[in-house]
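[1] Sharing a model prediction with you, sequence too.
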Amino acid sequence: MSFQQGLSGLDAASAALDVIGNNVANSSTVGFKSATANFADVYAASLGLVGASQIGIGVGVSAIQQQFTQGNLTTTNNPLDLAINGGGFFRMSQSGATSYTRNGQFHIDNQGYIVNDQTLRLTGYPVTSSGQISPSNPVELQLTASQIPPQATSDPLSGDLTAVINLDSRDTVPVLTPFNPANPATYNFSTALTVFDTLGVVHNLSTFYVLNAPTPPAGGEWTLYATLDGANPVTAGPIGNLVFDTSGALNPASALQTLPSWNLSSGASSPWSPGIMDFTGTTQYGSDSSVNSLTQGGFASGSLVSVGVGNDGVVQGRYSNGQTRNMGQVVLASFADPNGLLNLGNNQWRSTSVSGPELIGTPASGSRGVIQSAAVEDSNVDLTNELVAMITAQRNYQANAQTIKTQDQIMQTLVNLR
């Protein structure tokens, strides 16, 4: 008599219950992936027996297969909680060792690194000094809380100032001359715009428009003046003329006006000019003079206020001066066979020869999913299925125990033979 089949069935059912129990225990574990126990029948090697004569000797656990299906996403209040909606794994680093996870519960440590609860550091692409993403070998993402330097309105990176306004074609030439910024009777219209010098100090740039040649049918001509914080430029006088045709459109040749220089007392470069003002789109129509838009690209220095992560994995810092700066980009790793990954616990996996090497890319590229900030991926355990599977495994265990009991009764009968 053999107890092998029943014993192997008990072992298999016990393994199934262990897997189910682990699934149930981790039903609330962020990023957890459920598993199933796969079984295979067992036959003894033999000589001289054909298939119809072989009797199996039980069952064995062939594999514990993880199910890398998508879990539900739950929103949180932490912008560094990240969820992957789709395929891929976060790439983590610790002392040069690389591991992978779907658990995106991250925070910033005292050195500015983005880390998980086990202090493993999230990796991604770094940025250049100008904030451009630099695709290269992934590095540990480190955020800096230092201020960003100011950017002058005159900086080439700021671009030109732009002004789109309408000047009233019904206006008449001012009677009082010469132009005096303190006397509204000497000009027809004025606007004001905040600009920044090389130290990020705020200045008020006022522009004034004086109609000097309506003379139909030639259109119209307006003389442009400017002051900075109420002061006249180093070289006093008009800046230039805005010339319009009879349709009220601005002559392109007069659209770009070079602003003069002013002496500054702020400690910045002096004399200083805000640069070029682009009036493209400005009109002269028969309606009240008005401003459609005034823009400039300078800003003061700013302190880090908050951090956010976009769907593309780009980590952006938001600063007190209203600016944003790229601080890195989260990368995702994918594998030819995710089931070949070695489970390390703590929701971490490591690549093996079975899984194949890591394939690194940005979110939403290839088979990789997108990143959702302020959210986590729940466990993909289906408790209903697990409880039904638990009942089935329990019945299997009882049935296999019954075969052992029956074998024991037969053995006892043989022992009692006289």
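    Happy to help now that I have it. All of these numbers come straight from a predicted model, not from anything done at the bench. Residues are numbered from 1 along each chain as shown.
[2] C-alpha from now on. contacts and neighbour counts both.
    Noted.
[3] The longest strand seen in the chain pairs with which strands, parallel or anti?
    Longest strand in the chain by number of residues, with DSSP state E as the criterion: strand 202-213. As defined by DSSP bridges, the strand partners of strand 202-213 come to strand 189-196 (antiparallel), strand 220-228 (antiparallel).
[4] now those strands as JSON lines including mean neighbour count, mean pLDDT and distance to Gln323?
    Formatted as JSON lines, the strands paired with strand 202-213 follow (neighbours: other C-alpha atoms under 10 Å; pLDDT from 0 to 100; distance: least, C-alpha to C-alpha, whole Å):
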{"stretch": "strand 189-196", "mean neighbour count": "18", "mean pLDDT": "96", "distance to Gln323": "14"}
{"stretch": "strand 220-228", "mean neighbour count": "22", "mean pLDDT": "95", "distance to Gln323": "24"}
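[5] Make TSV out of those strands and add distance to Lys405.
    Formatted as TSV, the strands paired with strand 202-213 follow (distance: least, C-alpha to C-alpha, whole Å):
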stretch	distance to Lys405
strand 189-196	90
strand 220-228	100
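[6] Of all these, which one is nearest Asn85?
    Of all those, it is strand 189-196 that lies closest to Asn85, at 42.3 Å by C-alpha to C-alpha.
[7] Could you report the neighbour count for Leu344?
    For Leu344, the count of nearby residues is 11 (other C-alpha atoms under 10 Å).
[8] what about the closest residue to it other than its chain neighbours, how many residues close to it?
    Leaving aside its chain neighbours, Leu344 sits nearest to Arg350 (7.0 Å; criterion: C-alpha to C-alpha, 6 or more residues apart in numbering). By the measure other C-alpha under 10 Å, the count of residues near Arg350 is 17.
[9] quick revisit: what comes into contact with the longest strand of the chain?
    171-174, 181, 186-197, 220-230, 300 (C-alpha atoms under 8 Å, 6 or more residues apart in numbering).
[10] What is the distance between that strand and the centre of its chain?
    Strand 202-213 sits 42 Å away from the centroid of its parent chain (C-alpha atoms, centre = their mean, to the nearest Å).
[11] How about stretch 355-365?
    Using C-alpha atoms, centre = their mean, the offset of stretch 355-365 from its chain centre is 17 Å.
[12] what's next to it, contact-wise?
    Looking at stretch 355-365 with C-alpha under 8 Å, 6+ apart, the contacting residues turn out to be 311-313, 329-341, 351, 368-371.
[13] what does stretch 254-261 give?
    226, 233-235, 239-243, 271-280.
[14] Apply 6 Å and report the result again.
    Pro233, Val234, Leu242, Pro271, Trp272, Ser273, Gly275, Ile276, Met277, Asp278, Phe279, Thr280 (C-alpha atoms under 6 Å, 6 or more residues apart in numbering).
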